[in-house]
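J.: Following is a predicted model, sequence given first.
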Amino acid sequence: MHKYLIVDDESDIIVGYCKDIIGLSENKAHNFYDITLVGLRLTEAFIKYCTASKCRISGIHISMLEQNGKIIGSYFFVTEKQISFHKDVNFQEETNLNLSGAFSSAPSFEALGIWDKWMISKPVVINTWASLSKKQRSGWLEVVRIHSNFNKNNTAENKHYYLDMTYVVDSISFFCALGEAMNGPGGYYGFNLDSVEDCFCGGFGAVPPFYLHFNNGNLNELIDQDKIAKTDQAKLQQLKDLLISNQVTLIF
């Protein structure tokens, strides 16, 4: 099974599909990676492109695939040196391709673990993130943010949304729960104040005004809890103010 799809940035042609990528979690320093595309199978379109021109690649999009072949997320990788595919290469065979370079925004170790699970099966119920550590929840927010680019929600007929506070203990878990309240399991609706404000503009589901109901907990009570960090209290208060100022009615 091919887990990754590789696209040439300049031509926008699909280079091929590979079974695995070694080295994604082995960042040496300063966002420099040595990676290996394992079992790379080139596409007919790319083979024709190579045989008709002097093909050189300097940037690729590495996309994660569901088992049905659908793209669920992607990272941009810039190679240290241009990659050349010569006409005498045996294009019909799978190959292992070694690359050195850097990501425009590198995948975190925590996100890679979550992508591995999503490539097998995306979440079908809310609160799948609840068993994750705080650091892993940051990885979850990275995954849902990137996934939202391939799973746009431009329609939002509903005006009532329900946020489950059962596992919300800080600002990170609040953003995890908010994304699922707005867009279902594995959903995204911001990871900080600026990104939530971006979501209000459309393309991510609901556009204010709408109602946000809180189940199994109360945002005001969470903000007032002494056991959460002062910085989290401040972030949650700012988020509450942002929601209200943008015509989101909070119902506790």
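T.: That came in fine, so what should we check first? Quick caveat: nothing in here was measured; it's all calculated off a predicted structure.
J.: Helices along this protein, start to end?
T.: 44-52, 109-120, 134-148, 171-183, 193-200, 219-224, 230-245 (DSSP state H).
J.: How far does the shortest one sit from its chain's centre?
T.: On the basis of Cα atoms, centre = their mean, to the nearest Å, helix 219-224 sits 29 Å off its chain's mean C-alpha point.
J.: ok so, going back, tell me which of the helices of the chain lies nearest to residue 75.
T.: Judged by Cβ to Cβ, the one of the helices of the chain that comes nearest to residue 75 is helix 134-148, at 7.7 Å. For glycine as for every other residue, the C-beta is placed from the backbone atoms N, C-alpha and C.
J.: Name the residues that touch the closest one?
T.: 72-75, 107-115, 118, 129, 132, 170, 172-173, 175-176, 179, 183, 186-188, 191, 195, 204 (Cβ atoms under 8 Å, 6 or more residues apart in numbering).
J.: Please repeat the previous calculation with a cut-off of 6 Å.
T.: 72-73, 108, 110-111, 114, 129, 172, 175-176, 179, 186, 188, 191 (Cβ atoms under 6 Å, 6 or more residues apart in numbering).
J.: For those residues, give me TSV that also has neighbour count and pLDDT.
T.: What follows is the contacts of helix 134-148, written out as TSV (neighbours: other Cβ atoms under 10 Å; pLDDT from 0 to 100):
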residue	neighbour count	pLDDT
72	19	98
73	24	98
108	17	94
110	21	96
111	25	97
114	26	98
129	24	98
172	21	97
175	26	98
176	27	98
179	29	98
186	24	97
188	27	97
191	20	97
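J.: just those residues now: which is nearest residue 237?
T.: Of the contacts of helix 134-148, the one sitting nearest to residue 237 (Cβ to Cβ) turns out to be residue 175, at 14.7 Å.
J.: Excluding chain neighbours, what is closest to the closest one?
T.: Excluding its sequence neighbours, the residue lying closest to residue 175 (Cβ to Cβ, 6 or more residues apart in numbering) is residue 191, at 5.2 Å.
J.: relative to helix 109-120, how tilted is the longest strand seen in the chain?
T.: Identified as the longest strand of the chain according to DSSP state E is strand 71-84. When axes from the mean of the first three to the mean of the last three Cα atoms, to 10 degrees is applied, the directions of strand 71-84 and helix 109-120 differ by 110 degrees.
J.: if I look at residue 135, how far off is residue 110?
T.: Counting by Cβ to Cβ, to the nearest Å, the gap from residue 135 to residue 110 is 6 Å.
J.: quick one, phi psi at the residue nearest to residue 175?
T.: phi -130, psi 0 (degrees, to the nearest 10).
J.: residues contacting the closest residue to residue 163 other than its chain neighbours?
T.: Nearest residue to residue 163, sequence neighbours excluded (Cβ to Cβ, 6+ apart): residue 181, at 3.8 Å. Applying Cβ under 6 Å, 6+ apart to residue 181 gives the contacts 161, 162, 163.
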